[in-house]
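Enquirer: after the sequence you'll find the predicted model.
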Amino acid sequence: MSFAEWLYRHLIGEEVIHPNGTYFYPGPVNLEHLPMSPDDRPVPWHGPDRGM
């Protein structure tokens, strides 16, 4: 399994490490653009809903 496939499966909530060994939070992934200068503020954004 390639890393891209592993990451995709992990993000949609499949068990990819071992059964019942990971946690899953339903809903969109919450991300944040980090500031590029001291005057900038972080900009939060949300990924697509995982369909769970």
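Expert: Okay, I see it. This structure is a prediction, so every number in the text was calculated from the model and none was measured.
Enquirer: what about V16, neighbour count?
Expert: When neighbours are counted by other C-beta atoms under 10 Å, V16 registers 16. Every C-beta, even on glycine, is put in place using the N, C-alpha and C of the backbone.
Enquirer: tell me which residues touch it, please.
Expert: M1, W6, R9, H10, T22 (C-beta atoms under 8 Å, 6 or more residues apart in numbering).
Enquirer: quick one, phi/psi of the third one?
Expert: Phi and psi for R9, reported as degrees, to the nearest 10, are phi -60, psi -40.
Enquirer: the protein: strands as residue ranges?
Expert: For the chain, the strands defined by DSSP state E occupy 30-33, 43-46.
Enquirer: and the pLDDT for the residue most central in space within the chain?
Expert: Centroid check for the chain by C-alpha atoms, centre = their mean gives V29 as the closest residue, at 4.6 Å. pLDDT, V29: 78.
Enquirer: swap in H10?
Expert: 80.
Enquirer: ok, now how distant is it from D49?
Expert: Distance, H10 to D49, by C-beta to C-beta, to the nearest Å: 16 Å.
Enquirer: between the two, which one's more packed in?
Expert: Comparing H10 with D49 by other C-beta under 10 Å, the one with more neighbours is H10, at 14 against 10.
Enquirer: shaky segments in the protein?
Expert: Along the chain, segments meeting pLDDT under 70 span 19-25, 50-52.
Enquirer: which residues sit against stretch 30-41?
Expert: Residues from elsewhere that reach stretch 30-41, judged by C-beta under 8 Å, 6+ apart: P42, V43, P44, W45, H46, G47.
Enquirer: closest one to H18 out of those residues, please.
Expert: Using C-beta to C-beta, G47 is the member of those that lies nearest H18, at 25.1 Å.
Enquirer: can you lay out the strands of the chain as CSV showing distance to E14 and mean neighbour count?
Expert: What follows is these, written out as CSV (distance: least, C-beta to C-beta, whole Å; neighbours: other C-beta atoms under 10 Å):
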stretch, distance to E14, mean neighbour count
strand 30-33, 20, 10
strand 43-46, 21, 10
